[in-house]
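Q: no sequence for this one, just the structure:
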């Protein structure tokens with residue numbers, strides 16, 4: 001087993017990828033179009049949840065992870081122009097476009113499911 005770990009650690013680094021920063025657009029103030037997810041006031045509206053934004057994922061072996069070096073680039077399974085997923089409790093609830101707002105990441109919602117009636 002230790003020979004296998006040593007072989008992973010002694011492998012030469014993969015060919016350098018050409019990584020470039022992604023320039024995010026500031027959103028333009030415009031009237032919000034489209035329907036809301038939930039239409040009427042309801043006690044559940046005050047419930048706080050943690051929404052995650054999933055940009056993509058990468059599959060790798062434990063050996064590849066252990067051999068990773070600082071500044072190494074991991075290529076994700078999603079193209080830059082594809083929407084990101086908004087995830088609640090492990091389920092995708094909406095999709096959107098990654099943007100920048102005052103130096104912070106933000107998401108412009110572009111796809112919602114049919115409005116819920118609660």
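A: Nice, thanks for sending it over. As the structure is a prediction and not an experimental result, all values here were calculated from the model.
Q: what lines up beside the helix or strand hosting residue 98 in the sheet?
A: Assigned by DSSP states H and E, residue 98 falls within strand 91-101. The partner list of strand 91-101 in its sheet, established with DSSP bridges, is strand 84-88 (antiparallel), strand 104-111 (antiparallel).
Q: so which of these is the most packed in?
A: strand 84-88 (a mean of 17; mean count of other CB atoms under 10 Å). Heads up, the C-betas are built off the backbone N, CA and C, glycines and all.
Q: where does the protein dip in pLDDT?
A: 1-17, 19-20, 22, 26-40, 114-118 (pLDDT under 70).
Q: that one: helices as residue ranges?
A: 2-9, 62-66 (DSSP state H).
Q: coming back round to it: buried residues in the strand holding residue 98, which are they?
A: 93-98 (16 or more other CB atoms under 10 Å).
Q: could you dump these into TSV with distance to residue 50 added?
A: Compiled in TSV, the buried residues of strand 91-101 are given as follows (distance: CB to CB, whole Å):
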residue	distance to residue 50
93	12
94	15
95	18
96	17
97	21
98	18
